[in-house]
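Undergrad: kindly generate the corresponding structure for this input.
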Amino acid sequence: MSYREVHVVEVKEVVRLWSRGESLRSISRRTGLDRKTVSRYVKAAQQGGCKVGEEAGHAAIGEVIGRVRAQGPGVRGSSWAVCAEHRELLAGWLEKQVPLSKVQELLSRHTGVVVPYRTLHRYASRELGFGGRRVTVRVADGKPGEELQLDFGAMGWIHEGGRRRRVWGLVLTAVVSRHMFVWLTYRQSVADVVAGCEAAWAFFGGVFRVLIPDNLKAIVTTADRDTPRLNAAFVEYAQARGFVVDPARVRHPQDKGRVERTVHYVQTSLFAGETFSTVAEAQAAAEHWCRVTAGERTHGTTRQRPAEHFARDEQPLLLPAPEEPYEVAPWSEVRVQRDHHVVVAKALYSVPTEYIGERVQVRNGRDLVRIYHHGQLIKVHPRVGSGQRSTDPADYPPRIRELACRDQQALLAQARDAGTAIGVFAERLLAAPQPWTRLRHVYRLLGLVRRYAVAAVEQACARALEADVVDITRVARMVEQAVEQSPMPARPQPGEVASRQLRFLRQASEYRLARGGDHE
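TA: Next up is the predicted model:
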């Protein structure tokens, strides 16, 4: 038999009819209560001092209800008492996410008492908050025109360009007025979020001061409860438009509850059952829906029309709407490779040698690519297309950049500076139909200049030109033979060494012989 709780008005009626002298059968017939129930309340009234012919007050009625309830089904049994006695133990197991069936086994092993699963579940639910919704509170809305909550939601599918593509809706909801804007997109990149925000500022006629998103990667790169790390590109956008980003905590959708409830409304009211051929068509329908259907309805909480509420209380307090479009410049963190280049958007950009192996931050703008290291700008390149390369020869080490960049003029200039015959020989080397195949020969010629005496290399080049032999291997052999055949400088005689003034020679008095004592 199910238990029905008797209302306080019914108890008061039972006591009132009994005080008038009516029988239990009559009271049961009038109130619709069981005769045994009426008997329990009448007996409790007699025990509480109520008398026939006297009207019972509110305190007396409360005492009657307390007496009956203390004896009714609400009284806890011994199993409940066991759970209450080991409350902290149960709370510890549940906090460690131990299944309740396992908790029942552990409790039985610990106490020796088998608590019924239903009793354990009822105790854990009512006393420890297990398996049910947590108690919550309503958060204040804040100041008008201050906060705008943002969230993505899957809207549906569109067949466009021969492809079936999923459409996402970026929903932006004003916290105070609940006025909303929906931006439809195929992706959730930084550019899509910025485009949605730009369209929202035009729709609202101004910029909100605080944006509250969830932890989507386009805005938050590293989620954290207290200090989340924001996407640098979106931070730049927030700085340009003058608003602050305050992300919700991870797995705490209640931090942006205004837009959470709105996403489902958009899915069911705007997109469900509709067929759109293009995303542009869907966007036009979404803006009309935001202004008319959602904007002119009576909101269930505020009991006002969101569009009118927003125009009256929030729109005048917004920051001015932007007049010029914003350029999205993505940021990325990459490592400088051994070839002096970094890869950004499938393009290569050179970096000086000292940064090889270091991680650098790259701002990929529309026209320029800026590379930073520890906050310092180290390189600026013009932006190139995918698969292309922007290389600054100055980033390469000396003596390598000319060969790597195939700079014939630079190599010829170094050869001419070394000597006349060396310069002419280098020009003859590069006079081939494919001069870039001879660059390494000129590079070897300059290596001979650095390794041996310039006069020896100049003489060898002159003799090779006289014989019309343009061969770097022959010139190298001639220089080596000339060095081998040159006489070595004569060794100085013993008397000459004594007569020379040596730079680091000390006086004899500065030395001491330590044999059996100090003696000069």
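Undergrad: neighbours of Arg138, how many?
TA: 7 (other CB atoms under 10 Å). The C-beta positions use only the backbone N, C-alpha and C, and glycine is treated the same way.
Undergrad: wait, a helix at it?
TA: No. Remark: Arg138 does not belong to a helix; assigned using DSSP: H, G, I helix; E, B strand; the rest coil, it is coil.
Undergrad: what residues of stretch 30-43 count as buried?
TA: Using 16 or more other CB atoms under 10 Å as the test for burial, stretch 30-43 gives 31, 33, 37-38, 40-42.
Undergrad: stretch 158-165 too?
TA: Buried-residue list, stretch 158-165, by 16+ other CB under 10 Å: 158, 160.
Undergrad: name the residues that touch it?
TA: With CB atoms under 8 Å, 6 or more residues apart in numbering as the test, stretch 158-165 has contacts from 157, 167, 186, 276-279, 282.
Undergrad: go again using 6 Å as the cut-off
TA: The contact list for stretch 158-165, computed with CB atoms under 6 Å, 6 or more residues apart in numbering, reads 157, 167, 186, 276, 278-279.
Undergrad: any idea which of these is closest to Leu448?
TA: Tyr186 (62.4 Å; CB to CB).
Undergrad: need the contact list for that closest one.
TA: Arg165.
Undergrad: how close does the nearest residue to Gly49 once chain neighbours are set aside sit to Ala44?
TA: Excluding its sequence neighbours, the residue lying closest to Gly49 (CB to CB, 6 or more residues apart in numbering) is Ala60, at 7.4 Å. Computed as CB to CB, to the nearest Å, the Ala60 to Ala44 distance reads 10 Å.
Undergrad: Arg165 too?
TA: 71 Å.
Undergrad: circling back to that earlier point, with secondary structure added, can I get the contacts of stretch 158-165 in CSV?
TA: Listed next are the contacts of stretch 158-165 as CSV, based on three-state DSSP:
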residue, secondary structure
Trp157, strand
Val167, strand
Tyr186, coil
Phe276, coil
Thr278, coil
Val279, helix
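Undergrad: got the contact list for the residue most central in space within the chain?
TA: The centroid of the chain falls nearest to Thr221 when counting by CA atoms, centre = their mean (1.7 Å). When contacts are counted by CB under 6 Å, 6+ apart, Thr221 touches 229, 231.
Undergrad: likewise Phe181?
TA: Contacts of Phe181 (CB under 6 Å, 6+ apart): 172, 200, 203, 290.
Undergrad: find me the pLDDT at it, would you?
TA: Model confidence at Phe181, expressed as pLDDT, equals 97.
Undergrad: that one belongs to a helix?
TA: No. Using three-state DSSP, the assignment for Phe181 is strand, not a helix.
Undergrad: how close does it sit to Cys197?
TA: Counting by CB to CB - Phe181 and Cys197 are separated by 10 Å.
Undergrad: so where do the strands sit in the stretch 251-400 of the chain?
TA: 331-335, 341-344, 347-350, 359-364, 368-373, 376-382, 389-390 (DSSP state E, counting those that start in this stretch).
Undergrad: quick one, the fifth one and strand 331-335 angle?
TA: Interaxial angle of strand 368-373 relative to strand 331-335 (axes from the mean of the first three to the mean of the last three CA atoms, to 10 degrees): 60 degrees.
Undergrad: mind listing what's buried along strand 368-373?
TA: 369-371, 373.
Undergrad: also the fourth one?
TA: Neighbour counts over strand 359-364 (16+ other CB under 10 Å) mark 360, 362-364 as buried.
Undergrad: can you list these in CSV and add pLDDT?
TA: What follows is the buried residues of strand 359-364, written out as CSV (pLDDT from 0 to 100):
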residue, pLDDT
Val360, 96
Val362, 96
Arg363, 95
Asn364, 94
